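Undergrad: what follows is a predicted protein model with its sequence.
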Protein chains: 2
Amino acid sequence: MKKLINNPDHVVTEMLRGIEKAHPELTYHEGFEVISRKDKKTNKVGLVSGGGSGHEPAHAGYVGYGMLDAAVSGNVFASPSPDRIVKGIETANSGAGVLLIIKNYSGDIMNFEMSKDIAEMQGIEVDYVVVKDDVAVEDSTYSAGRRGIAGTVFVHKIAGAKAEMGGSLSEVKAAAEKTIQNVRSMGMAMAPCILPGVGKPGFTLGEDEVEIGMGIHGEPGVFHTNVKSAKAFAEILVEKILADYDYSDSEVAVMINGLGSTPLMELYIMYNEVESLLKEKNIKVYRSFVGNYMTALEMSGCSVSLLKLDDELKTLLDYEANTPGLKVRSL
Amino acid sequence: MKKLINNPDHVVTEMLRGIEKAHPELTYHEGFEVISRKDKKTNKVGLVSGGGSGHEPAHAGYVGYGMLDAAVSGNVFASPSPDRIVKGIETANSGAGVLLIIKNYSGDIMNFEMSKDIAEMQGIEVDYVVVKDDVAVEDSTYSAGRRGIAGTVFVHKIAGAKAEMGGSLSEVKAAAEKTIQNVRSMGMAMAPCILPGVGKPGFTLGEDEVEIGMGIHGEPGVFHTNVKSAKAFAEILVEKILADYDYSDSEVAVMINGLGSTPLMELYIMYNEVESLLKEKNIKVYRSFVGNYMTALEMSGCSVSLLKLDDELKTLLDYEANTPGLKVRSL
């Protein structure tokens, strides 16, 4: 597998240097692998997220106005250590407390919780939420309970808007929790990715084989199937989501998330199918996001996320965001 | 090769339906494969671009405030026919004339020129510019003269801003021509793409083989080499660009464009190297763009584009743009 890298051991550092150079509004705290905002306000709730690298633009790409204050990177597909997360919390803190947005993987939970305790001993008020949007499996290789995947980006967006609008720590947490309550995702993989320096994929799929419900680190999903039409795959993913949560007669935000190497053409074809399926069920799309939002290096495939909206969530979703990975222009 | 599609013959139509649904501010003119803006002004110079599909977000993704008024899609990697382009011109026309932004491929030149003649017979004032930013080869499989590649996105951005600010047709054309004069690009491919319905790649590269200067349709480039470091590839691409045009002591916009399946992580690593090389040569980056801007389905690789800036181009580059594929927030 050909990679456009220098040294596999330095991919995270060199990527973060590139992000800092490309986005002068962001600062890279080298050694801690933290990306933070330069336009730090005072007395705004700080938002920190992070996790393994390899999911770009998540998470560093969501640092900026209306979303995160700091993102903490681990090595590829590996949780960041507590010293890094504590640095992220310190950087994001401006006196009104810090909310951690954690994807539900055991390593992340352990390290973020430990970091919360350390930061609290330093006098910083810290709370957290855990995203578990993936309906594919109830427990997984790296998680007790459901995994957190692309729906996490909605949590960044909604909580980020609430914090930017001056919400208190408990109000920002409540907005994040409502988002977590209302979002479900389901993915599929058509071809694996390869970790830098490893040289071979973590799993294999046959020429006519697709895995439904695969995780964003190549963790096993629900079942293998053969290659089907976009329409058939859209039905499989949407039906599993709708069976899990009641979206009937509601308005939703939809995300069709590419895992890395699926052409945008195909993601729009999937969206065309997903929107039609939702319409048939009287579910109205309020806003949609089609693109690479939470990838798995160059994995091929996609995930579908549905977020049920109420008036508060609509307002927060529509609020201005200006980050490298997601820009929303308020109307 | 697994594709997330229904019928290979319908990929363009289904993609454009998806784009229309996902972006309610855009209209899809089915049958003509034209995407246009709903917020049509009167007496604004209309901007039309287009070309083969498979380069998403180019070109339909650049329709919107501050960029194109209409994009015309051909089949995958095939020029759109004149009836489609004429429809694009009619849709973009609001009384102040229409500028066509054409990438230099023989089929595109022929069809866009013919469309210009037809539209002029209908009383619409039409002019055009041809983008030839690729310094790799002087003539190519599908072009007499240099090919137009990712630098075209800068032409959309700059000309789009000039038109939005009320420039006349000749002023918008002059801004586009200045951009074309000042932009150079150079790409490389690490793995091929496969056209929907074809089932095998249009070219092959060995396990340790990379093609320097390959086109965005898999046309041959300059030479094959083995896999090198990101730094070494950055040097090869940047040196070829700098040998072609005098960027010394200037400020530039940089685009690191992914061809489809190269992870964003690797594009930022490339940007880190490119920025360092430019700095060594006293070339200052004013603004950068790192991501998938003009792809070749799921081809692996990237291109580097450099646009030399003056005060006028900086103002136009910084002007607000709000399209699915590129959003710039005016400062």
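TA: In hand now; what should we look at?
Undergrad: from here on, just use CA atoms for contacts and neighbour counts.
TA: OK.
Undergrad: distance of A:D139 relative to A:G202?
TA: Distance of A:D139 to A:G202, computed by CA to CA, to the nearest Å: 19 Å.
Undergrad: for A:K284, same thing?
TA: A:K284 sits 38 Å away from A:G202, going by CA to CA.
Undergrad: neighbour count for the two, which is higher?
TA: Legend: neighbour count by other CA atoms under 10 Å in any protein chain shown for A:K284 and A:G202, higher for A:K284 (20 against 13).
Undergrad: so how far is A:K231 from the more buried one?
TA: Taken as CA to CA, the span from A:K284 to A:K231 is 18 Å.
Undergrad: go on, A:S288?
TA: From A:S288 over to A:K231 (counting by CA to CA), the distance is 18 Å.
Undergrad: equivalent analysis for A:V210, please.
TA: Remark: distance between A:V210 and A:K231 (CA to CA) = 15 Å.
Undergrad: state the helix or strand in which the residue in the stretch 1-150 of chain A that chain B sits nearest to lies.
TA: In the stretch 1-150 of chain A, no residue comes nearer to chain B than A:G18, which is 4.2 Å away by CA to the nearest CA. A:G18 is part of helix A:11-22, with elements assigned from DSSP states H and E.
Undergrad: one more: A:T225?
TA: strand A:223-226.
Undergrad: could you pull up the mean pLDDT of the helix or strand just after that strand?
TA: Under the assignment DSSP H and E, the closest C-terminal helix or strand after strand A:223-226 is helix A:230-244. Average pLDDT, helix A:230-244: 98.
Undergrad: other residues contacting helix A:230-244?
TA: Residues outside helix A:230-244 that contact it (CA atoms under 8 Å, 6 or more residues apart in numbering or on different chains): A:135-136, A:184-187, A:269-270, A:273-274, A:277, A:303-304, A:306, B:4-6.
Undergrad: sorry, back to before: from the chain's centroid, how far away is the strand holding A:T225?
TA: Taking CA atoms, centre = their mean, to the nearest Å, one finds strand A:223-226 lying 25 Å from the centre of the chain it belongs to.
Undergrad: contact partners of that strand?
TA: A:208-213.
Undergrad: what does stretch A:194-211 give?
TA: A:1, A:3, A:8-9, A:11, A:76, A:188-193, A:218, A:220-227, A:297-298, B:1-2.
Undergrad: out of the residues you listed, list just those in strands.
TA: Those of those mapping onto strands are A:76, A:188-191, A:223-226, per DSSP state E.
Undergrad: returning to what we had before: how much distance is there from the helix or strand following the helix holding A:G18 to the middle of the chain?
TA: Counting by DSSP H and E, the next helix or strand C-terminal to helix A:11-22 is strand A:26-29. Remark: strand A:26-29 is offset 20 Å from the chain centroid, using CA atoms, centre = their mean.
Undergrad: what pairs with strand A:26-29, and is each one parallel or antiparallel?
TA: The strands beside strand A:26-29 in its sheet (DSSP bridges) come out as strand A:34-37 (antiparallel).
Undergrad: who in the stretch 1-150 of chain A is up against chain B?
TA: Within the stretch 1-150 of chain A, the residues that sit near chain B (CA under 8 Å from any CA of the partner chain) are A:1-7, A:11-12, A:14-19, A:21-23, A:54, A:56-57.
Undergrad: now these: which count as buried?
TA: A:1-6, A:11-12, A:14-19, A:21-23, A:54, A:56-57 (16 or more other CA atoms under 10 Å in any protein chain shown).
Undergrad: which parts of chain A belong to which domain?
TA: Domain ranges of chain A: A:8-181, A:182-328, per automatic domain parsing.
Undergrad: report how many residues lie close to the residue lying closest to A:N111 once chain neighbours are set aside.
TA: Using CA to CA, 6 or more residues apart in numbering or on different chains and skipping the chain neighbours, the partner closest in space to A:N111 is A:P82 (5.2 Å). The burial count assigned to A:P82 is 22, neighbours taken as other CA under 10 Å.
Undergrad: so what's A:H55 closest to, chain neighbours aside?
TA: Nearest non-adjacent residue to A:H55, counting by CA to CA, 6+ apart: A:T295, 4.3 Å away.
Undergrad: where do the strands sit along the stretch 101-250 of chain A?
TA: Taking DSSP state E, counting those that start in this stretch as the test, the strands found in the stretch 101-250 of chain A are A:126-131, A:183-191, A:209-212, A:223-226.
Undergrad: pick the most deeply packed of the ones you listed.
TA: Each of the strands of the stretch 101-250 of chain A was scored by mean neighbour count; the highest is strand A:183-191, a mean of 28, by mean count of other CA atoms under 10 Å in any protein chain shown.
Undergrad: convert the C-alpha atoms of that strand to CSV, please.
TA: What follows is strand A:183-191, C-alpha atoms only, in CSV (Å, rounded to 0.1, in the frame of the first residue of the first chain):
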residue,chain,number,x,y,z
VAL,A,183,-28.8,10.5,16.7
ARG,A,184,-28.3,7.0,15.2
SER,A,185,-25.8,5.8,12.6
MET,A,186,-25.1,2.7,10.6
GLY,A,187,-22.2,2.0,8.3
MET,A,188,-20.8,-0.4,5.7
ALA,A,189,-17.3,-1.1,4.3
MET,A,190,-16.4,-2.2,0.8
ALA,A,191,-12.6,-2.3,1.2
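Undergrad: and that strand, what does it pack onto?
TA: With contacts defined as 3 or more CA pairs under 8 Å, 6 or more residues apart in numbering or on different chains; DSSP states H and E, strand A:183-191 has these neighbours: strand A:209-212, helix A:230-244, strand A:300-309.
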